[in-house]
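[1] Curious how this folds, go ahead:
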Amino acid sequence: MSLTLYLHPLASFCHKVLISLYESGVSFEAKIVNFAEPASAGAHFERWPVGKIPVLHDHATGRVVPETSIIIEYLQQHYPEKFSLLPSDPEQLLEVRLWDRFYDLYVSAPMQKIVTDRIRPADANDPHGVGEAHATLETAYAMIEVQLYGKTWTTGENFTMADCAAFPALFFASMVHPFREDQPLLAGYLDRLLRRPSVEHVIAEAQPYFKFFPYKEALPKRFLEAAE
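    Have a look, this model is predicted:
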């Protein structure tokens, strides 16, 4: 098998790349990186010294590809007959890239700030940083609500890399900072994402690990029950 994706099934950024792979149908092998196990962690730091996941290894080219958006662009470049998550029109492509980065930087990043603060030692909490993260999510939600007007997916009628980024960002963020009642487009969009077969596949694989999510009490009951 040419492609190996190093990941963890609970990691939101890994979900982004997994969705793209399941959308395309490209065959790959998933290998879990266990940072609590020295051999697994050490091998991954050799692979990518920054130590972040996911990382793709293309055995056919010998290329190690890190960073979610770069991985997806690499896959579309090398498997164009399968991948269609990036439009060919330059203006549309800019829009997709913009919203891909938006979800990563202004939804996923503040969500992770809030989540990781919960598992810090009590004397190492960052209430100011958490407050800023909640404020960022509030602003981001309002902007997404406007962006979604008249659209099925983030940038229009086609499912793109931006939607791959959107699902894990919004799924976990909605638990730490719920949507407001006056944001029906945002809530409806997340519901559509949850019904996407590629997303259903990712959720099924993540379910055994949901019990380890620091905000598991906020998980919709149907997900937590399946995880236990």
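
[2] What segments of this protein are helices?
    Along the chain, counting by DSSP state H, helices occupy 12-24, 38-47, 68-78, 90-103, 109-118, 127-147, 161-176, 184-194, 197-206, 221-227.

[3] In the first one, which residues are buried?
    Same thing as helix 12-24. For helix 12-24, burial by neighbour count (16 or more other Cβ atoms under 10 Å) applies to 12-24. Placement of C-beta: from N, CA and C, glycine included.

[4] name the helices or strands packed onto it?
    Secondary-structure packing of helix 12-24 (3 or more Cβ pairs under 8 Å, 6 or more residues apart in numbering; DSSP states H and E): strand 3-7, helix 68-78, helix 161-176, helix 197-206.

[5] Need the contact partners of that helix.
    Residues from elsewhere that reach helix 12-24 (Cβ atoms under 8 Å, 6 or more residues apart in numbering): 5, 7-8, 28, 30, 52-54, 56, 68, 71-72, 75, 79, 82-85, 104, 108, 111-112, 159, 161, 163-165, 167-169, 171-172, 196-199, 201-202, 205-206.

[6] per the record, what domains does the protein have?
    As assigned by automatic domain parsing, the chain contains the domains 3-78, 90-227.

[7] just how off-centre is the first one within its chain?
    For domain 3-78, the distance from its own C-alpha centre to the chain's C-alpha centre is 13 Å (Cα atoms, centre = their mean, to the nearest Å).

[8] mean confidence for that domain?
    Throughout domain 3-78, pLDDT has a mean value of 96.

[9] okay, how far is it across it, tip to tip?
    11 Å (Cα to Cα, to the nearest Å).

[10] do stretch 207-224 as well
    Terminal-residue distance, stretch 207-224 (Cα to Cα): 7 Å.

[11] Out of the buried residues of helix 12-24, flag the one nearest to residue 117.
    When the buried residues of helix 12-24 are ranked by distance to residue 117 (Cβ to Cβ), residue 12 comes first, at 15.8 Å.

[12] Can you name the residues that contact residue 187?
    Contacts of residue 187 by Cβ under 8 Å, 6+ apart are residue 179.

[13] Residues contacting stretch 39-54, please?
    In contact with stretch 39-54 (Cβ under 8 Å, 6+ apart) are residues 5-8, 11, 13-14, 17, 32-35, 55, 57, 64, 66-68, 71.

[14] What residues sit buried inside that stretch?
    Within stretch 39-54, judged by 16+ other Cβ under 10 Å, the buried ones are 44, 47, 48, 53, 54.

[15] Can you redo those as a markdown table, where the extra columns are distance to residue 179?
    Below are the buried residues of stretch 39-54 laid out as a markdown table (distance: Cβ to Cβ, whole Å):
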| residue | distance to residue 179 |
| --- | --- |
| 44 | 35 |
| 47 | 37 |
| 48 | 34 |
| 53 | 28 |
| 54 | 27 |
